[in-house]
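Peer 1: Model the structure of this input:
(one chain, ligands or ions: 1)
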Amino acid sequence: MNATQEKLKVQLEQAIVAAFGPDFAGVDPILVSASNPKFGDYQANVALSLSKKKGLQPRAIAGAIVDKLDVSEICEPPEIAGPGFINLKLKTPYLEAQLNAIQADPRLGVPAAKTPKREIVDFSSPNIAKEMHVGHLRSTIIGDSIARILEFLGHDVLRLNHVGDWGTQFGMLIAYLREVYPDALTTANALDIGDLVSFYRKAKLRFDEDAAFQETARQEVVRLQAGAEDTLHAWKLLCEQSRREFQIIYELLDIKLIERGESFYNPLLSGVVEDLDKSGLLVENQGAKCVFLEGFTNREGEPLPLIVQKSDGGYNYATTDLASLRYRIQQDEAKRIIYVTDAGQGNHFAQFFQVARKAGWIPDDVELVHVPFGLVLGEDGRRYRTRSGDSVRLRDLLDEAVSRAHADLKSRLQKEERQETEEFINEVARVVGISAVKYADLSQNRTSNYIFSYDKMLDLKGNTAPYMLYVYARIHGISRKGNINFKELGNNAVLLQHETELALAKYLLQLDEVISSVEQDLLPNRLCEYLFELSQKFNQFYDRCPILQAEEPQRTSRLVLCDLTARTLKLGLSLLGIQVLERM
Ligand code: ARG
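Peer 2: Below you'll find the model as predicted:
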């Protein structure tokens, strides 16, 4: 709800009480956006629901409320329509004043949160020595955008990378490393074992075919857990190499993250099991320690257990998540913890959330949220892979997007007979390519699967990043052409006459509403939709209203609309992790 809606709501509530007495305090006026702009901007539907209670016709109720309603500063005289809707149409001078106010506001009318909270966004979180795949790409892009939005609202955000850097797979990797790079375990130097993914594959092959090797691998796990120096050294080398590879992706995508991998919580795992035992939840089942779950059953309809300690004494993914959850509540003092992973992990989150709640570890003021997302599909509708069937390396994917953007730009420059420096071309291609990938992901409702298509995401005419970057650059083109400094337009210049000006103006004033909806529902696609629609409204205005050619005072007013649109795009895109270009 934006500031205007809030004001209207208060006035309506007061009018209801004035009309029907104090018993009606707190009745929701049911204020919604008008279904059709013909009827105004908002409508209050309360009369329909009050009519039963009062035994009166809804139109009579609406009339009684309108008699007492004072919204003359904000709206035209209210009208009663249909069975009893109260239609409200914003006054033009009110809209002009609102726009003048946001023009002077670097936050464009979006207030900071009244009560800033400590929030954790757990995102990206790839696994050491394994590939960072397109699923991690989604987590990285979506998590980063959520974090940016919460930060902009003034929350105290901890961006955590819960890297998979611990577990029995390290026994196999270290045993293999010892075989093929015996020196690596003792030298202080960083190691370059080439492609870690193929290293992992080779180690796995070795593991699968040789029982003696399996035993060595198991011993390495024991040594790792006991903190044996050479084993620990090997583990660190593997982590460092992966980290360097992840870092390349984070830099390309401009992502900031604090690494706090699974190993960080290792010392806390036994405490989790002990405390579950103390609270009486722990059950031994075929040698494993577990907690039985409500609402989760196997095929036979029997309750499912969540295992927290395997029969060999090892802990698992869930134990680590329980430990990290406690740490985040107790040490980090988080009030909302947001986990961004693929939808396939939904059960995992529901299960350990349930166990933590039962154990009494979750205070009432702490919210746990799993933010799931769907799969990335190829144009054939199946999981996105390379032609040879391998999973796609993220670096290749991003490079490909940039090089296609580069080729598109070159051909456009040729058509327009424009000369640009190599430096300019490379920078534009980089921004366009990376933005296109990010926007294609963010603009989908994250819960659904989406089809990855370079052609679609780079299309200058679709609902894409390049389309919006182009609108932004076009506005800066106006300022270049007219030699206008947007910062020096002066205040109180807005004058709304043309219908496209009014439509754009009203839309510009909705940014706060959109951002607060993303704060709650964690759906960045809402912000994408808003920016796309804003771009379209701007283009309609631009097509219909001359700007530089207009007479004063219209000219300045229209330039203010241009400036506000550009600033809204820049801010909104920055919250999606997308950079803008003044020229492209
Ligand atoms: N490493 C996991 C994976 O690649 C994601 C971790 C998500 N975070 C968490 N706290 N479980 O699927």
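
Peer 1: what comes up buried for stretch 467-484?
Peer 2: Using 16 or more other C-beta atoms under 10 Å as the burial criterion, the residues of stretch 467-484 that qualify are 467-476, 478-479, 484. Every residue, glycine included, has its C-beta placed from N, CA and C.

Peer 1: now the lengthiest strand in the chain, how far from the chain's geometric center?
Peer 2: The longest strand of the chain (DSSP state E) is strand 288-297. Here the centre of mass of C-alpha atoms in strand 288-297, compared against the chain's by C-alpha atoms, centre = their mean, to the nearest Å, lies 32 Å away.

Peer 1: strands paired with the next helix or strand after that strand, and their directions?
Peer 2: In the C-terminal direction, the helix or strand that comes right after strand 288-297 (DSSP states H and E) is strand 303-309. Under the criterion DSSP bridges, strand 303-309 sits next to strand 288-297 (antiparallel) in its sheet.

Peer 1: got the CA coordinates for the strand it pairs with in CSV?
Peer 2: Presented in CSV, the C-alpha positions along strand 288-297 are these (Å, rounded to 0.1, in the frame of the first residue of the first chain):
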residue,chain,number,x,y,z
ALA,A,288,20.7,-43.9,13.0
LYS,A,289,19.6,-41.0,15.2
CYS,A,290,16.6,-39.3,13.9
VAL,A,291,13.5,-37.2,14.7
PHE,A,292,10.1,-38.3,13.4
LEU,A,293,8.2,-35.8,11.3
GLU,A,294,4.6,-34.9,11.2
GLY,A,295,3.0,-34.6,7.8
PHE,A,296,5.8,-36.6,6.0
THR,A,297,5.1,-40.2,5.2
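
Peer 1: List the contacts of the longest strand of the chain.
Peer 2: Strand 288-297 is contacted from outside by 273, 276-277, 281-284, 303-311, 347, 350-351, 354-355, 358, using C-beta atoms under 8 Å, 6 or more residues apart in numbering.

Peer 1: one more time with 6 Å
Peer 2: 273, 281-283, 303-311, 351, 354-355 (C-beta atoms under 6 Å, 6 or more residues apart in numbering).

Peer 1: Just the buried subset of the residues you listed, written out for ChimeraX, thanks.
Peer 2: Buried subset of the contacts of strand 288-297, written as a ChimeraX selection, criterion 16+ other C-beta under 10 Å:
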select :273,281,282,305,306,307,308,309,351,354,355
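
Peer 1: Widest-spaced pair of the contacts of strand 288-297?
Peer 2: Ser311 and Gln354 (22.7 Å; C-beta to C-beta).

Peer 1: State the distance from Lys117 to the ligand.
Peer 2: As for Lys117, its distance to the ligand is 19 Å (criterion: C-beta to the nearest ligand atom, to the nearest Å).

Peer 1: Now that residue. Nearest residue, chain neighbours left out?
Peer 2: Leaving out its chain neighbours, the residue that sits closest to Lys117 by C-beta to C-beta, 6 or more residues apart in numbering is Lys335, at 4.5 Å.

Peer 1: one step back: need the buried residues of stretch 467-484 in TSV (columns: distance to the ligand and secondary structure).
Peer 2: Below are those laid out as TSV (distance: C-beta to the nearest ligand atom, whole Å; DSSP: H, G, I helix; E, B strand; the rest coil):
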residue	distance to the ligand	secondary structure
Tyr467	33	helix
Met468	31	helix
Leu469	31	helix
Tyr470	36	helix
Val471	36	helix
Tyr472	34	helix
Ala473	37	helix
Arg474	41	helix
Ile475	40	helix
His476	40	helix
Ile478	45	helix
Ser479	45	helix
Ile484	48	coil
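
Peer 1: of all those residues, which comes closest to Tyr384?
Peer 2: Using C-beta to C-beta as the measure, the one of those that approaches Tyr384 most closely is Tyr467, at 23.0 Å.

Peer 1: Now do the closest residue to that closest one other than its chain neighbours: how many residues are near it, please.
Peer 2: With sequence-adjacent residues excluded and distances taken as C-beta to C-beta, 6+ apart, Tyr467 is closest to Leu460, at 5.9 Å. Leu460 is surrounded by 13 other residues when neighbours are defined as other C-beta atoms under 10 Å.

Peer 1: Could you verify my assumption that Leu460 touches Pro466?
Peer 2: Yes. Taking contact to mean C-beta atoms under 6 Å, the distance of 5.0 Å between Leu460 and Pro466 places them in contact.

Peer 1: tell me which parts of this protein are close to the ligand?
Peer 2: Within the chain, the positions adjacent to the ligand are Asp122, Ser125, Pro126, Asn127, His162, Gly164, Asp321, Tyr339, Thr341 by C-beta under 6 Å from any ligand atom.

Peer 1: List the backbone torsions phi and psi for the closest residue in space to the fifth one that isn't next to it in sequence.
Peer 2: So that's His162. The shortest distance from His162 to any residue other than its chain neighbours is 4.2 Å, reached at Ser125 (C-beta to C-beta, 6+ apart). Backbone geometry at Ser125, expressed as degrees, to the nearest 10, gives phi 50, psi 60.

Peer 1: what do you get for the one 3 residues further on?
Peer 2: Main-chain torsions, Ile128, degrees, to the nearest 10: phi -60, psi 140.
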